[in-house]
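>>> Got a predicted model here, sequence first, then my questions.
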Amino acid sequence: MPSVQVSVMLPVYNGEEKLRNAVESVLEQDFKDFEFLIVDNASSDDTAKIIKEYCKDSRVKVFTNEVTIPRLENFIKAFSLASPESRWLKFIGDDDRLLPSCLSEMVRVGEAQGGMEKIGIVSSYHYIGDELQEGFMPAGQEYLVGSQILRKLLLEPRARVALYSPASILVSQKAYREFGPFKSELLHADSELFYRILNSYDFAFVHKPLTVTGYYSASGQAKSTEQGDTFREAYLIRYKNIKLYNNLSLSHLDVEKIKLNLVNDSIGFILARLATGNYNRALNHLTEIPVKALYYLPVSLIYFIGLGIKKIIRGEKFKVFVDHKS
């Protein structure tokens, strides 16, 4: 196997509470050929002091912004600082952790399946908080053609966990340079970019848990779900962007299934907001359902009513929506 290098990037702002765990999880990797770029977004807490503790490690490179810039612009800056010699790019947030064999396992399968010239994204089992996400790939299968995984992402909600967060994947630098950077106007710019990458590059998978994505009430993902951004941007990623996926063939019935899934996601979100008294947020979200999909509202409502009745009969707790991300 040719020499491989990974650029690990940690953009951070006021991350003093969990930062040490994130940094140490990178430095304790059993894979050694990587650089570790930390971009401090002009933090006002003790983030800079904590970062300084690790600067003796030659792999650590620290960059500090003079002023705080928007969150996604800081992500884009971190990616832009990666060495052009790196074959793979790995993101980690200050509330995420890489398990010890993360880089070695992801690089192994990525290189074995064709390297960065063929593989655009490597994913794996991972934890969201303390909940293990095993994904959807059949046991032992480490490779899917990009158009095949893209089709699953569009049509099968359970498949979306494969791209749950940047921390849970490894990205080919070649693919990122071709299709990036992130669109900074989107909160879920990572998913939007990764879908476009998979239109042209293939997908590799490790059947082991390799990362832990922070998910708690104050996390960015939790706040985004609460506000409805996850579902709102799903319309762009899974419906409006269909024309960009020119290596994927979708039938009329496929497009209709995508519409129905979008409406189901939205009705679940709306019911959850109504249950907590957030009537304005629910109403605002209802107006954002694409006009071309509105005729699925009755079907979706019947589905949730039926689901609720079944759970009541079984004595199960009724959860009106599951966040599959975008």
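Sure, I can see it.

>>> these two touch, right, Q173 and K90?
No. In this structure, Q173 is not within contact of K90 by Cβ atoms under 8 Å, at 10.4 Å. The C-beta positions use only the backbone N, C-alpha and C, and glycine is treated the same way.

>>> Between the two, which contacts overlap?
Common contacts of Q173 and K90 (Cβ atoms under 8 Å, 6 or more residues apart in numbering): S7.

>>> the more surrounded of these two?
A direct count of neighbours by other Cβ atoms under 10 Å for Q173 and K90 places K90 higher, at 27 against 21.

>>> quick one, what contacts the more buried one?
K90 makes contact with 6-9, 34, 98, 102-103, 106, 170-171, according to Cβ under 8 Å, 6+ apart.

>>> let's see 6 Å
6, 8, 170 (Cβ atoms under 6 Å, 6 or more residues apart in numbering).

>>> Repeat that for S300.
With Cβ under 6 Å, 6+ apart, S300 has these contacts: 263-264, 267.

>>> Among the residues you listed, the buried ones, what's the ChimeraX command?
Here is the ChimeraX command that selects the buried residues among the contacts of S300 (16 or more other Cβ atoms under 10 Å):
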select :263,264,267
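
>>> Looking at the contacts of S300, which one is closest to Y296?
V263 (4.2 Å; Cβ to Cβ).

>>> Thought K292 was touching the closest one, still the case?
No. In this structure V263 lies outside contact range of K292 using Cβ atoms under 6 Å: 10.7 Å.

>>> what's the following helix or strand after the top helix by length along the chain?
Taking DSSP state H as the criterion, the chain has its longest helix at helix 252-275. Using DSSP states H and E, the helix or strand that follows helix 252-275 towards the C-terminus is helix 279-286.

>>> just checking, what packs against that following helix?
Helices and strands touching helix 279-286, as assessed by 3 or more Cβ pairs under 6 Å, 6 or more residues apart in numbering; DSSP states H and E, comprise helix 252-275.

>>> can you do 10 Å?
helix 220-227, helix 229-238, helix 252-275 (3 or more Cβ pairs under 10 Å, 6 or more residues apart in numbering; DSSP states H and E).

>>> Show me what the longest one is packed against.
For helix 252-275, the packing partners by 3+ Cβ pairs under 10 Å, 6+ apart come out as helix 146-155, helix 220-227, helix 229-238, helix 279-286, helix 297-314.

>>> average pLDDT for the third one?
It stands for helix 229-238. When pLDDT is averaged over helix 229-238, the result is 76.

>>> And for stretch 145-158?
Stretch 145-158 shows a mean pLDDT of 94.

>>> How about stretch 64-71?
Across stretch 64-71, the average pLDDT comes to 95.

>>> Could you do stretch 171-186 as well?
Stretch 171-186 comes out at a mean pLDDT of 94.
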